[in-house]
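Trainee: can't give you the sequence, but here's the structure:
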């Protein structure tokens, strides 16, 4: 039994802040529970999850860092899930599962669990907890990842908002369906249990908050928290330039044909807020790169947050100034039965919105990062347990240079939030991949007054037979630069290395044998400004750090390094020659 809920007088600001901190702490405790109990390294190592807490009106009141795209997509998913299940049918102890992609705003392996939270004696929830996490297999046509599906029904077992726990106990029929539809039931069942545990943690903490402060105080604090965030965002927007800007790009392909897929956005900042319109993008395509509208909204939430309130925790008020337009049937508003499994165009779309904004505020926007996430995965059979495994990794990329700073070297794509790469120790322990080399690649960042961050190079040797997947949708076009900066090389995966069958691939699935090798190169970030305007001292530092070779310092930056120091005379002569021909 939950303790009785006391009443509370009108709140002062300090109490509102205390309640806000309690809500954030509840989400953080859910996060810790999930990480400590999950079976799947993509959850406990990579942090491929999103954890959110909602009020009775299904508005976000707190979340915990994970994958930023998951956090925003939860906002759309919880509304659809509760609408389908019916709030009036819910009881204490119920937990629901949803992965229907057009509502869940993700592909079928991103399972969302949500639970209503009840105060004693109430028959309506006063809050909801929600956790989305990536599972390894749920009955799709292919294990691991589906790269060439043409409709939703090839992509896995689907739940639209189904009660999986009733009155605190598992619904055995549903759990058994999940277990017997997975090629990897052990990890999937473990991850389901981890999400249930984390969901219950959130329910317990929210009840404790309500018991401590009372329903009146809780509701008032929540509303004031959202109002404060809305006001903060609108103040920040009022300081940005007004205007409308457009940008276009292409996705490598749709996974079925080799034809590039055009994407387009029109971004407007006015007195009403920020509007992102994807109407000019390609219609939905046959392959699995179509994006659900909830994910499209999340892309734009990311941009708005970064421009206005990056240091503040999220809540519904953070996004009231945002409008997102994408007609049904557009690439960015997938509808049934469009395939949605390989949602990498979301990374490109995020960069695309920034590309449009850079026309109006170049001093606020960085050049393109690596442009996309170069992912890879191995699927095989553990030689000891004989169980199937599927372990993935997203390669680091460089971030783009900006007006005042160089791009960060070798880190996750800007969409990744706090998501991490899979440690080499985990990859080698759990798969048949041995890493012969993994290093920052010199000269991989785009040159500029502020250079792009370096990308990486990884050499993989296979020690078991199995399947290997490469996943990227930005391997043909280079990342875009700003202010005359240089574009780096694109993401690159080369398979069958050193054999007559050596091949450069983008999104690709293939069998591998013991002794096969591959090399993955995550792109660097693009440059900002002219390379010749970069300080010779900064170029020297890059050379000494191993990020730029002495040859590139001379040929690209026109800086001559001799015996670990800048040769001022030769450098001035080279730069003067360039200026004379400009």
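Mentor: Nice, thanks for sending it over. Computed from a predicted model, the values in this text were never measured in an experiment.

Trainee: From here on, just use CA atoms for contacts and neighbour counts.
Mentor: Will do.

Trainee: In contact with residue 387, which residues?
Mentor: Residue 387 makes contact with 184, 381 under the criterion C-alpha atoms under 8 Å, 6 or more residues apart in numbering.

Trainee: What of residue 562?
Mentor: Listed by C-alpha under 8 Å, 6+ apart, the contact set of residue 562 is empty.

Trainee: Just list whatever residues bridge to it.
Mentor: residue 565 (DSSP bridges).

Trainee: what about it, distance to residue 543?
Mentor: Residue 562 sits 11 Å away from residue 543 when distances are taken as C-alpha to C-alpha, to the nearest Å.

Trainee: And residue 111, by the same measure?
Mentor: Residue 111 sits 46 Å away from residue 543, going by C-alpha to C-alpha.

Trainee: How many residues are close by residue 224?
Mentor: A count of nearby residues for residue 224, using other C-alpha atoms under 10 Å, gives 17.

Trainee: ok but it is inside a helix, no?
Mentor: Yes: checked against DSSP: H, G, I helix; E, B strand; the rest coil, residue 224 lies within a helix.

Trainee: How about the secondary structure of the residue nearest to it when sequence neighbours are not counted?
Mentor: Counting by C-alpha to C-alpha, 6 or more residues apart in numbering, residue 224 lies nearest to residue 16, which is 7.5 Å off, once chain neighbours are set aside. Recorded secondary structure, residue 16: helix (three-state DSSP).

Trainee: neighbour-wise, which of residue 111 and residue 543 wins?
Mentor: Per other C-alpha under 10 Å, whichever of residue 111 and residue 543 has more neighbours is residue 111, with 25 against 21.

Trainee: Isn't that one up against residue 98?
Mentor: Yes: using C-alpha atoms under 8 Å, residue 111 makes contact with residue 98 at a distance of 6.1 Å.

Trainee: Isn't residue 255 up against residue 150?
Mentor: No: judged on C-alpha under 8 Å, residue 255 makes no contact with residue 150 at a distance of 9.2 Å.

Trainee: Now for those two: what residues contact both?
Mentor: Residues within reach of residue 255 and of residue 150 at once, by C-alpha under 8 Å, 6+ apart, are 287-288.

Trainee: quick one: contacts of stretch 66-76?
Mentor: 47-52, 58-60, 63, 65, 103-106, 130-132, 294-295, 297-299, 301-302, 415-419.

Trainee: That stretch - what's its average pLDDT?
Mentor: Stretch 66-76 shows a mean pLDDT of 90.

Trainee: same deal with stretch 240-253?
Mentor: Across stretch 240-253, the average pLDDT comes to 98.

Trainee: List the buried residues in the longest helix belonging to the chain.
Mentor: The helix that spans the most residues within the chain, counting by DSSP state H, is helix 185-213. Within helix 185-213, the residues scored as buried using 16 or more other C-alpha atoms under 10 Å are 185, 187-203, 205-213.

Trainee: And for stretch 574-582?
Mentor: residue 574.

Trainee: Quick one: distance of that stretch to the chain centre.
Mentor: 43 Å (C-alpha atoms, centre = their mean, to the nearest Å).

Trainee: Over to stretch 444-458?
Mentor: The chain centroid and the centroid of stretch 444-458 are separated by 21 Å, computed with C-alpha atoms, centre = their mean.

Trainee: what do you get for stretch 175-192?
Mentor: Centre to centre, stretch against its chain (C-alpha atoms, centre = their mean), the figure for stretch 175-192 is 25 Å.

Trainee: Stretch 27-39 too?
Mentor: Centroid displacement of stretch 27-39 relative to its chain, using C-alpha atoms, centre = their mean, is 19 Å.

Trainee: and it, what's its mean pLDDT?
Mentor: Per-residue pLDDT values across stretch 27-39 average out to 97.

Trainee: I would like the residues contacting that stretch, please.
Mentor: Residues from elsewhere that reach stretch 27-39 (C-alpha under 8 Å, 6+ apart): 43-45, 47, 51-53, 62-64, 187-188, 190-191, 193-195, 197-199, 201-202.

Trainee: Same question for stretch 157-165.
Mentor: Stretch 157-165 is contacted from outside by 81-82, 84-85, 93-100, 103, 108, 138-140, 170-171, 174-175, 178, 181, using C-alpha under 8 Å, 6+ apart.

Trainee: repeat that for 6 Å
Mentor: Applying C-alpha atoms under 6 Å, 6 or more residues apart in numbering, the contact partners of stretch 157-165 are 81, 85, 94-100, 138-139, 170-171.

Trainee: Same check on stretch 218-235?
Mentor: With C-alpha under 6 Å, 6+ apart as the criterion, stretch 218-235 contacts 16, 308, 316-318.

Trainee: I'd assumed residue 475 was in a strand, is it?
Mentor: No: assigned with three-state DSSP, residue 475 falls outside any strand and is coil.

Trainee: wouldn't it be in contact with residue 490 here?
Mentor: Yes: with contact defined as C-alpha atoms under 6 Å, residue 475 counts as touching residue 490 (5.2 Å).

Trainee: and residue 220, that's in a strand?
Mentor: No: Residue 220 is assigned helix when assessed by three-state DSSP, not a strand.

Trainee: what about it, distance to residue 214?
Mentor: 10 Å.

Trainee: Okay, helices next: where are they in the stretch 51-200 of the chain?
Mentor: 68-85, 101-104, 172-180, 185-213 (DSSP state H, counting those that start in this stretch).

Trainee: what's the closest of those to residue 325?
Mentor: helix 68-85 (14.6 Å; C-alpha to C-alpha).

Trainee: rewinding a little: just the contacts of stretch 218-235: which are in helices?
Mentor: Mapping these onto helices (DSSP H) picks out 16, 308.

Trainee: can you give me phi and psi for residue 418?
Mentor: With angles defined as degrees, to the nearest 10, residue 418 sits at phi -90, psi 10.

Trainee: Report how many residues lie close to it.
Mentor: Residue 418 has 14 neighbours, counted by other C-alpha under 10 Å.

Trainee: Check residue 513 too.
Mentor: When counting by other C-alpha under 10 Å, one arrives at 16 neighbours for residue 513.

Trainee: Identify the residue spatially nearest to it, adjacent ones excluded.
Mentor: Nearest residue to residue 513, sequence neighbours excluded (C-alpha to C-alpha, 6+ apart): residue 465, at 4.3 Å.
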